[in-house]
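>>> give me coordinates for this.
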Amino acid sequence: MEPLQWSQSIAVGHGEIDGQHRELFDRASQYFAVAGARDKLSQIEAAFMYLDSYVRFHFAHEEKLMRRLGFPGLEDHQKEHRDYIRRLDSVKSQFESEGDSPAVAVALDGLLRLWLMDHIAQSDRLVGDYAARSENPR
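Presented below is the predicted three-dimensional model:
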């Protein structure tokens, strides 16, 4: 699998959100760095569980920011987050039943790529643009 890497091209222009996104990329990379290494099962589980909890923290933080700003797309954005959490919960259940299987790695990789690349580059960029206009009006 091609490693997931942060790039400035998907920055949304809000320092705090971009910092959290970079952290998510780092955590995803840490998971994939140890995935498949049977002698590192505790590290794999810890990396997966941290990624899971950090995603939830990040979504809550992002939604709080959107509410504070009065972001008009909040409801649709929350639906995207809930959909992502449902999908992540499915992969988490698969991980809990199968362990660190190749199928789990493929499912998580696909989900992370979809979210980290598509959701950030499109939906979160709208939030970043709105925040920039709201927090720094001309």
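>>> where does this protein dip in pLDDT?
1-3, 35-41, 136-138 (pLDDT under 70).
>>> next one: residue 91 from residue 85, what distance?
According to C-beta to C-beta, to the nearest Å, residue 91 and residue 85 sit 11 Å apart. Yep, even glycine has a C-beta here, placed from its N, CA and C like the rest.
>>> who's more crowded, the two?
Shown here are residue 91 and residue 85; by other C-beta atoms under 10 Å, residue 91 has more neighbours (21 against 15).
>>> which of the helices or strands spans that one?
Element membership for residue 91, per DSSP states H and E: helix 74-98.
>>> which parts of that helix are buried?
74, 77, 80-81, 84, 87-88, 91-92, 95 (16 or more other C-beta atoms under 10 Å).
>>> how about residues contacting that helix?
48, 52, 55-56, 59, 62-63, 66-67, 71, 101, 103-104, 107-108, 111, 115, 119, 123, 127 (C-beta atoms under 8 Å, 6 or more residues apart in numbering).
>>> just the buried residues of the residues you listed.
Using 16+ other C-beta under 10 Å, the buried ones in these are 48, 52, 55, 59, 62-63, 66, 71, 104, 107-108, 111, 115, 119, 123, 127.
>>> let me see the ranges of the helices in the chain.
15-34, 41-69, 74-98, 102-113, 125-135 (DSSP state H).
>>> any chance of CSV for these, columns distance to residue 5?
CSV is the format used below for the helices of the chain (distance: least, C-beta to C-beta, whole Å):
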stretch, distance to residue 5
helix 15-34, 7
helix 41-69, 16
helix 74-98, 20
helix 102-113, 11
helix 125-135, 18
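>>> closest one to residue 9 among those?
helix 125-135 (10.4 Å; C-beta to C-beta).
>>> between that closest one and helix 15-34, how many degrees?
Going by axes from the mean of the first three to the mean of the last three C-alpha atoms, to 10 degrees, helix 125-135 is angled at 150 degrees with respect to helix 15-34.
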